[in-house]
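Asker: I'll drop the sequence and a predicted model, then ask my questions.
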Amino acid sequence: METALLAAISMGRDLLHKNIERPSLAKQSLESEHNPDKRDSTITGFHQDEDGHWVAELSCGHTQHLRHQPPWQSRAWVLDATQRIEKIGQPFACGWCAQGAVSANLDA
């Protein structure tokens, strides 16, 4: 029993001292960003996520959940197939593009 305990302590020490280097993500260049000119996108389609919430597919390459959860989010049109189809091709202000580069929070 004592030998097993010493082995476990030793293994724990070994695990604490391991320093595994992982490659960092490189900051993307402007050429690889979606919608680099920051113009509004348009809705190109819709799909449902695994929880059944509707997600807009945008021309910039990003997606945006569009939930109808009154009183916080009033988007009853999302629940109607005809009204969703009418939104395709309409301008949509992409929140991701407005924040800047997808990787703007990473250092160069």
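Answerer: Now that the structure is in, tell me what you want to look at. This one's a predicted model, so the numbers in the text were calculated from it and none came from an experiment.

Asker: need the contact list for residue 75.
Answerer: Residue 75 is in contact with 66, 67, 68, counting by CB atoms under 8 Å, 6 or more residues apart in numbering. Every residue, glycine included, has its C-beta placed from N, CA and C.

Asker: so which residues of this structure form strands?
Answerer: Ranges of strands within the chain are 41-48, 54-58, 63-65, 91-92, based on DSSP state E.

Asker: select, out of these, the one closest to residue 100.
Answerer: Closest approach to residue 100 among the strands of the chain (CB to CB): strand 41-48, 14.7 Å.

Asker: okay, now residue 57: neighbour count?
Answerer: Using other CB atoms under 10 Å, residue 57 has 16 other residues around it.

Asker: and the gap between the nearest residue to it once chain neighbours are set aside and residue 71?
Answerer: Among residues not flanking residue 57 along the chain, residue 45 sits closest, at 4.3 Å (CB to CB, 6 or more residues apart in numbering). Per CB to CB, to the nearest Å, residue 45 is found 28 Å from residue 71.

Asker: pick out whichever of the two has more residues nearby.
Answerer: Set residue 45 next to residue 71 and count neighbours by other CB under 10 Å: residue 45 wins out with 14 against 5.

Asker: list the contacts of that one.
Answerer: Neighbour list for residue 45: 56, 57, 88 [criterion: CB under 8 Å, 6+ apart].

Asker: dump those to JSON lines, plus pLDDT and distance to residue 96.
Answerer: Formatted as JSON lines, those follow (pLDDT from 0 to 100; distance: CB to CB, whole Å):
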{"residue": "56", "pLDDT": "95", "distance to residue 96": "12"}
{"residue": "57", "pLDDT": "96", "distance to residue 96": "13"}
{"residue": "88", "pLDDT": "95", "distance to residue 96": "19"}
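
Asker: from the residues you listed, pick the one nearest residue 98.
Answerer: Among the contacts of residue 45, and counting by CB to CB, the member closest to residue 98 is residue 56, at 14.9 Å.
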